[in-house]
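Asker: pasting the sequence and the predicted coordinates here, then a few questions.
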Amino acid sequence: MYTYKTEILTVGTKWFSDHADTNDTEVLDRLLNERAAEGWEFVTYDYMATSKQVKGAFVITFRKQQ
């Protein structure tokens, strides 16, 4: 059986585009590597832009064997 953990990782301010950029993916990579070192396995992620397209966020799910 697994324990699941979902995190929201807010990314940088977007002025002209709601897409993730290189800095955003570097922050995501850092979080993934930190959680892996804690024993969490990456399951899935999704990028969500806000309705005003000013900021976005990654919704990331991890799991760990109980």
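Answerer: Perfect, I can see it now.

Asker: show me where this structure has its strands.
Answerer: 2-13, 41-49, 55-65 (DSSP state E).

Asker: let me have those in JSON lines, adding mean pLDDT and mean neighbour count as columns.
Answerer: In this view, the C-beta of every residue, glycine as well, is placed from N, C-alpha and C. What follows is the strands of the chain, written out as JSON lines (pLDDT from 0 to 100; neighbours: other Cβ atoms under 10 Å):
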{"stretch": "strand 2-13", "mean pLDDT": "88", "mean neighbour count": "12"}
{"stretch": "strand 41-49", "mean pLDDT": "87", "mean neighbour count": "13"}
{"stretch": "strand 55-65", "mean pLDDT": "89", "mean neighbour count": "16"}
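
Asker: out of these, flag the one nearest L28.
Answerer: Closest approach to L28 among the strands of the chain is made by strand 55-65 (5.6 Å; Cβ to Cβ).

Asker: show me what the closest one is packed up against.
Answerer: Counting contacts by 3 or more Cβ pairs under 8 Å, 6 or more residues apart in numbering; DSSP states H and E, strand 55-65 packs against strand 2-13, helix 22-37, strand 41-49.

Asker: then the shortest one to CSV, C-alphas only?
Answerer: Think strand 41-49. Output of strand 41-49 as CSV, limited to C-alpha atoms (Å, rounded to 0.1, in the frame of the first residue of the first chain):
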residue,chain,number,x,y,z
GLU,A,41,8.4,8.5,-5.8
PHE,A,42,7.2,10.9,-8.4
VAL,A,43,3.7,9.9,-9.7
THR,A,44,2.4,12.8,-11.9
TYR,A,45,2.3,16.5,-12.3
ASP,A,46,0.2,19.1,-14.2
TYR,A,47,0.9,22.7,-15.0
MET,A,48,-2.0,25.0,-14.1
ALA,A,49,-2.2,28.6,-15.3
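
Asker: thanks a lot, catch you later.
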